[in-house]
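# only geometry, no sequence info:
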């Protein structure tokens, strides 16, 4: 088992986990305040948007070194965090559009861009992991 405090490579990971935890709290507060003024119209995209940085940002980043035995590098971490922000922004905007009572087909760009960024992060991580084994 990897102790996070015993490895210098863990410091960016710990900082990223704290950032995503703070981001999840901010998104939860933003959603709660926004829906207080929404005239009792609610959107599940807005209510559960905090779960994206909580699950993808905290849980996945903590489990990555445990499962793969390697800490993600800075490029992978940046791409992964950008995907989290993209997914969360898309969820919040979808919630705002739903609360407003409208629809917008252009919001599909957020999940697509988030998936592309997450896939790039995973590809870079696995490529670096494969190269380090030789």
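Now that the structure is in, tell me what you want to look at. On a predicted model such as this, the values are computed, not experimentally measured, just so you know.

# CA atoms for contacts and neighbours, from now on please.
Noted.

# phi first, then psi, for residue 38.
phi -100, psi 10 (degrees, to the nearest 10).

# that one contacts residue 99, doesn't it?
Yes - between residue 38 and residue 99 there is a contact under C-alpha atoms under 8 Å: 6.8 Å.

# look at the two and report which has more neighbours.
Neighbour count, other C-alpha atoms under 10 Å: between residue 38 and residue 99, residue 99 has more, with 21 against 14.

# check which helix or strand the more buried one maps to.
In the assignment (DSSP states H and E), residue 99 maps to helix 74-100.

# swap in residue 124?
Assigned by DSSP H and E, residue 124 falls in helix 109-132.

# I'd like the average pLDDT over that helix.
On average, the pLDDT along helix 109-132 is 92.

# okay, buried residues for it please.
110-111, 113-115, 117-122, 124-125, 129 (16 or more other C-alpha atoms under 10 Å).

# closest one to residue 78 out of the residues you listed, please.
For these, the closest approach to residue 78 (C-alpha to C-alpha) belongs to residue 121, at 8.1 Å.

# so what's that closest one closest to, chain neighbours aside?
residue 76 (4.6 Å; C-alpha to C-alpha, 6 or more residues apart in numbering).

# isn't the one you found right next to residue 122, touching?
Yes - at 7.1 Å, residue 76 counts as touching residue 122 under the criterion of C-alpha under 8 Å.

# would you mind getting the angle between the helix holding residue 99 and helix 109-132?
Relative orientation of helix 74-100 versus helix 109-132 (axes from the mean of the first three to the mean of the last three C-alpha atoms, to 10 degrees): 160 degrees.
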